[in-house]
Each structure stands twice: as C-alpha cells, then as structure tokens.
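compute the structure for the input listed below.
(2 chains)
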Protein chains: 2
Amino acid sequence: MAIFKQLFDEPTSTFTYLIADEQTKSALLIDPVHEQFDRDMSVLAELGLTLKYVLETHVHADHITGGGRLRHATSAEFVAGKGTGLDCADRLIANGETIQMDSISIHALATPGHTDGCTSYRWEDRLFTGDTILIDACGRTDFQQGSPESLYRSIQQLLAFPDETLIYPGHDYNGKRVSSVGQEQTINPYIAGLDLAAFVAKMQALNLPKPHRIDVAVPANVLCGGAAAPRVPGETEAA
Amino acid sequence: MAIFKQLFDEPTSTFTYLIADEQTKSALLIDPVHEQFDRDMSVLAELGLTLKYVLETHVHADHITGGGRLRHATSAEFVAGKGTGLDCADRLIANGETIQMDSISIHALATPGHTDGCTSYRWEDRLFTGDTILIDACGRTDFQQGSPESLYRSIQQLLAFPDETLIYPGHDYNGKRVSSVGQEQTINPYIAGLDLAAFVAKMQALNLPKPHRIDVAVPANVLCGGAAAPRVPGETEAA
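Purely as a prediction, here's the structure:
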C-alpha cells in the first residue's frame, strides 16, 4: 500500500504531491514550493516518512521550487527531466526511465512544450502532468523555449493512456483537483476537437501577460532553488 | 493489481464501473445499464473476466439496471443496499459490510437521501457515490422517499474521507468523469459553504420535472431489472 497526498500552495495555486511506501516509509515529493518548506517537513514528520526524492516537472516560472531547501534539510535526491539540463540536479531523468523507491515505481515521460525540459511522471494509473495538461487548460508556450507544436505532441502522448488514467496537474486556479484522460479528451477546450494547426493557432493568439515572478523564479529554479532561495511576496498569477 | 474501467451509457449519461482482480479474473460491475448488456458482456469476454457481482447504488429512476440480464447470463450475484428492501436481490448489504472478491475489498456505506436505499461503495481510495454526490451537483430528493435532510448527512459522511479520496459518480451530463472529496468540498455548489438548513432550502426550491422514464424504470428496477426487462426508447434526462 502507498500513502498519497495532494497539497496546495494558495498564493501560486500550485499542487505538490506526496507519494510514500507505507511499509518502508520512503517518500517523494513532486513539485514542492519553496515557501511551503515547513508544511512539507511537518507532513513528512507526522507520517514518520523519510524523504528520498524531490521530482520536478519543470523549471517553474511562477514559484521557486522547495527542492533546494528540502534536499539540504534531508538526504533527498533532486530529480528533474533531462531536457532541463539542470547541472544542480542529482539526477536528470530521461523519457522512459524509472525511479524505483521500494514498492513505488515512478515512470518519467518527456513532455516538452510548456518548457523544453518538461517531464510528466506516471505512478500506476496516475499521471502527474505539471503544466503539460491542466484541468480544462494547458501550460502556456510563449517563454522558456515553449513550443505549441511540441506541447501538442506531448499532450497526445499523455492522452494515449487509457481513459481512466487520472490526471493530477501542476496547478489549478478554480478549485479543481483531479481529472482523467477521458475527461480531458472530452471537454478540455485546448484538446477536444483540436488538431495540431488549430491548437497552435489557439496558443499563438493567447497574448498573455508576462508572469509576475518569472524574473525571480526562473533564476532561482535553474539553481534547483538553492539552499535558501529568497522568499517571493505572495501574489496570485497564471501558470 | 486490479483492472478498473469506467464505462458510459450516452442516452442516460450513466457511468458503469468495472473492477476486477487481474490474477483471478473475478470481476464486478457497479450500476450496469440494461441496454448496455452486449457492451458489458464484450468487455468481460475481451479481458477474460468472470462476473461475480453486480452492485447497485440504488433503485434508479432514469434507466433500467443491467443486473437482471447479467445475472441470468452469468453466475453473478445481485447486490443492493439493505435500505432498498429488494426481495429479488441475492444479497442486501448493510452499512459497514464488505464484499471480498479475492484481492478486491468493497466496503458498503448506507447513504440514503436521493432514495432511502442509496448505498455508496468504497474500493481503496475510490468512492462510487451513485447519485449521492455528483460532480458539482447531487441527486434530487423529490421522489422515491428522497429526503434532503438524509442526503445532507450522507454527503457529510462521504466528505469525512481524506481530501484525496476519488469520487466516481453515477452520472455526469457535462463530460466530467472524476472528482475528489477535496474538490467537491471546495467547489460543488450543493456542498461548499452550505449548512443543513441552506442545503434543504436549495433542494426544496429546485422544482424539477418528473423523470421521463420513472414509470418504466422504477417498476423494472424493483424487480432487479428482471431477466429481459423492456428496452426503453433513448431519451436523455436528468438524474
């Protein structure tokens, strides 16, 4: 059996996921947030867990990863997608590679498009999609080597899993928490009925404002969050 | 490991759930639909499964259960909640009782309110809520001994599970397929911020039309769908 928790950072609407082996107490976190270090350490302590891995879905532009502080405070390895090229990571994971943490198998899927290093992770029938698929939305493609063509292909790759496969996104701004491949295929307005050309046109027409924190978050995140990256003042914004 | 499938009947927007033990090939169906008998038998055959149980969440007013045809075609037992009082069932399951099908444990939760015999089923961290909780909605309470007070208490009982607990409803009319306790608690307009009095007032003000098929569906369903219950002409309608 496994422990699974979905945590939420209100100011940036970011989901952090905790997966742990109930027997061995080994744990991993997907996309922890710098400002939630105390919360994450408390949850680990309450459940008697040992943090073994921090997995990043990508180099975030809206928040600083908690991975820096967490790996300095624990013995956790910092894992990110090969496409991020992060020199500071303990492991750069390639498409198709697996992290085996006792009974927990996490499979990496390179899903570039929102950024060129975006990686999704699959655990059993659950996909952690970062900003590749959001519920009823998807990540933007207008900075950090974003590419609507790549994102389209990455989304299709994730939609190839069975309809029942659960989708746990990196963010949600409207209170939604979980979806499935079948649901996104049916009603996500960035997916349902759009071919490559229509998707690219839709993404290119978005004309979104620059994320407020990008100039703070990206420099910190290319250093894996550092050990004591600066606190960012709370302000809600789009992914 | 388990096999899990979410099937959909378009004319009535009804979800049918298949859960099976991958090793022993024993299977159960939650809320099969009479007209989908051929689909259900095909899915079972394709996966090499033996149907052991049909579980009903309640006596449906919008469609005839497929349980009648399925138990005549297989050796499956027909299971419904004790509160339904269905003489035709092989087993009437009470709150807190379990169905153990090889490695699969299904826990029954009496959740009256939409009807007096409504039962939800829990498998691991997944709740099959029938019409007790729908995504962003809930079942109506204006017929079949419906009671908004009972439904409120039943909803609260389901929301007491951890936030991550998945909610698989009996219907969805808008393409949604899965939610969680945390999501429904946050954004379901029939749940979020409503106390008992506000919920009862909201339900009493709904003033919904009578379901088109109630006069055909309920008499067939109190006979557990019979062996060859009449086919109902296709017409979409609210739960």
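
make it CA atoms for all contacts and neighbour counts henceforth
OK.

give me the distance between the closest residue to residue A:130 other than its chain neighbours and chain B.
Nearest residue to residue A:130, sequence neighbours excluded (Cα to Cα, 6 or more residues apart in numbering or on different chains): residue A:170, at 4.0 Å. As defined by Cα to the nearest Cα, to the nearest Å, residue A:170 lies at a distance of 15 Å from chain B.

show me what contacts residue A:170?
Applying Cα atoms under 8 Å, 6 or more residues apart in numbering or on different chains, we find residue A:170 in contact with A:14-16, A:31, A:128-131, A:134.

near chain B, which residues of chain A are found?
A:4-6, A:163-164, A:175-180, A:182-183, A:186-187 (Cα under 8 Å from any Cα of the partner chain).

so which of those residues are in strands?
Under the assignment DSSP state E, the residues of chain A next to chain B contribute A:4-6, A:179-180 to strands.

any idea how far chain B is from residue A:86?
32 Å.

hang on, I meant residue A:40
16 Å.

that's a helix at that residue, yeah?
Yes - the assignment for residue A:40 (DSSP: H, G, I helix; E, B strand; the rest coil) places it in a helix.

now it. Nearest residue, chain neighbours left out?
Closest to residue A:40 by Cα to Cα, 6+ apart is residue A:32, at 7.8 Å.

go ahead and confirm that neighbour touches residue A:18.
No - using Cα atoms under 8 Å, residue A:32 makes no contact with residue A:18, being 9.1 Å away.

look up phi and psi at the most centrally placed residue in chain A.
Of all residues in chain A, the one closest to the mean position by Cα atoms, centre = their mean is residue A:130, 3.0 Å from it. With angles defined as degrees, to the nearest 10, residue A:130 sits at phi 50, psi -130.

how much space between it and residue A:32?
As judged by Cα to Cα, to the nearest Å, residue A:130 and residue A:32 stand 12 Å apart.

kindly report the same for residue A:144.
Applying Cα to Cα, the value for residue A:144 to residue A:32 is 20 Å.

so which of these two has more stuff around it?
residue A:32 (29 against 17; other Cα atoms under 10 Å in any protein chain shown).

tell me the pLDDT of the more buried one.
pLDDT recorded at residue A:32 is 98.

now for it: which residues touch it?
With contact taken as Cα under 8 Å, 6+ apart, residue A:32 is in contact with A:15-17, A:40, A:54, A:65-67.

and if we set it to 10 Å?
Contacts here follow Cα atoms under 10 Å, 6 or more residues apart in numbering or on different chains; on that basis residue A:32 touches A:7-9, A:14-18, A:40, A:54-56, A:63-70.

now residue A:218
With Cα under 10 Å, 6+ apart, residue A:218 has these contacts: A:59-65, A:144, A:224-225.

the residue nearest to the centre of chain A bridge partners, please.
With DSSP bridges as the criterion, residue A:130 is bridged to residue A:169.

model confidence over the longest helix along chain A, on average?
Secondary structure of chain A per DSSP state H: the longest helix is helix A:148-159. Across helix A:148-159, the average pLDDT comes to 98.

buried sites along it?
Neighbour-count burial for helix A:148-159, counted by 16 or more other Cα atoms under 10 Å in any protein chain shown, picks out A:148-152, A:154-155, A:158-159.

closest one to chain B out of the residues you listed, please.
residue A:159 (14.9 Å; Cα to the nearest Cα).

and that closest one, what does it touch?
So residue A:159 contacts A:133, A:153, A:165, A:167, A:180-182, A:184-185, A:191 (Cα under 10 Å, 6+ apart).

look up the closest residue to residue A:140, ignoring the ones flanking it.
With Cα to Cα, 6+ apart, the residue lying closest to residue A:140 is residue A:114, at 5.7 Å.

burial of that neighbour, as a residue count?
29.

my guess is it contacts residue A:143, does it?
Yes - with contacts counted by Cα atoms under 10 Å, residue A:114 reaches residue A:143, the gap being 8.0 Å.

you'd agree residue A:35 is in a strand?
No - using three-state DSSP, the assignment for residue A:35 is helix, not a strand.

need the pLDDT of it.
What the model reports for residue A:35 is a pLDDT of 96.

contacting residues for residue A:102?
A:20-21, A:23-27.

next one: residue A:101
By Cα under 10 Å, 6+ apart, residue A:101 lies in contact with A:19-21, A:24, A:26-28, A:52-53.

and these, which of them are in strands?
A:19-21, A:26-28, A:52-53.

sorry, back to before: closest to chain B out of the contacts of residue A:101?
residue A:19 (11.9 Å).

can you pull out the helices in chain A?
A:37-46, A:67-73, A:148-159, A:181-187, A:196-204, A:214-221.

about what we covered before: in a markdown table: the contacts of residue A:218, plus pLDDT.
Shown next, in a markdown table, are those (pLDDT from 0 to 100):
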| residue | pLDDT |
| --- | --- |
| A:59 | 95 |
| A:60 | 94 |
| A:61 | 92 |
| A:62 | 92 |
| A:63 | 93 |
| A:64 | 94 |
| A:65 | 96 |
| A:144 | 87 |
| A:224 | 93 |
| A:225 | 92 |
